[in-house]
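*Asks:* my questions are about this predicted structure, shown below with the sequence.
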Amino acid sequence: MTGQEPSARTTVTVREATRRDWGAIVRLFAQAAAFDSMFIGLGRSEAHRSRFFRAYLKAQPIKRLRIDVACDPDGAPVGAALWERLDVGRDSAVLAQIPYMLHFVRALGVANSFRGVRLQHRLERHRPIEPHWYLKNVVVAEHARSTAVGTSLLEHHLDELDRTGQFAYLEARDADQQRFFERFGFVQGGRIDGGQDRRFTGMFRNPGRAAR
């Protein structure tokens with residue numbers, strides 16, 4: 001959910017999130033979604049969007065999920081990055097979320113819920129079959145978007161992937177996002193038709209490819 005980011009730095013501490021951070025993370029996503037065309041179906045109410053993202057987090061495969069949070073000097077989360085470790089090829093996130101579909105239907109309605117499932121299925125078909133870390137989302141609080149919080153979040157986990165020799169993958173939605181992720185060593189792969197005039201670009205990163 002993040003795009004091109006200015007290089008100005010602020011003092012943040014990046015750490016792995018705990019369940020106690022989930023409320024703050026949900027608020028970050030709910031606030032950012034108000035300005036994100038990908039989540040237009042969530043409506044204008046922050047409470048409504050929060051219900052969706054709370055269900056979204058609960059639907060994630062916890063044993064494979066890693067959430068990093070960037071905290072300001074007061075300890076308040078101002079950004080989050082969601083990563084999923086995929087060890088057995090194209091694991092299906094769609095199947096994992098079936099038990100939570102009622103939550104999504106309540107938040108999105110039936111039609112939007114199934115559009116989301118179709119989009120996820122389209123994206124999954126293009127993901128690598130090799131084990132990798134998949135960047136699901138990066139979100140930064142509006143007041144912190146000019147302070148390179150997103151950069152700090154990405155560097156935190158990518159440095160670990162470089163040390164351990166692990167591969168990373170994500171989908172970029174536009175040219176700004178592509179340029180942003182290229183700064184971290186991601187390279188463009190194939191174009192992906194997401195339906196409804198949505199286009200994505202798969203981006204791959206080998207360990208040690210940092211271009212920062």
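*Replies:* Cool, the structure landed.

*Asks:* now find how far off-centre stretch 67-86 is within its chain.
*Replies:* Distance of stretch 67-86 from the chain centroid (C-alpha atoms, centre = their mean, to the nearest Å) equals 11 Å.

*Asks:* likewise stretch 181-197?
*Replies:* Worked out by C-alpha atoms, centre = their mean, stretch 181-197 lies 14 Å from the chain centre.

*Asks:* spatially central residue in the chain, please.
*Replies:* What sits nearest the mean C-alpha location of the chain, by C-alpha atoms, centre = their mean, is residue 137, with 0.6 Å.

*Asks:* give me the residues contacting the strand or helix carrying it.
*Replies:* Per DSSP states H and E: residue 137 is located in strand 132-140. By C-beta atoms under 8 Å, 6 or more residues apart in numbering, the surrounding residues in contact with strand 132-140 are 1-2, 5, 28-29, 32, 66, 70, 78-86, 127, 149-150, 153-154, 157, 161, 166-170. Backbone N, C-alpha and C define where each C-beta goes, glycine included.

*Asks:* could you tell me the angle between the helix or strand that contains residue 169 and strand 132-140?
*Replies:* Per DSSP H and E, residue 169 falls inside strand 168-172. Between strand 168-172 and strand 132-140, the angle comes out at 50 degrees (axes from the mean of the first three to the mean of the last three C-alpha atoms, to 10 degrees).
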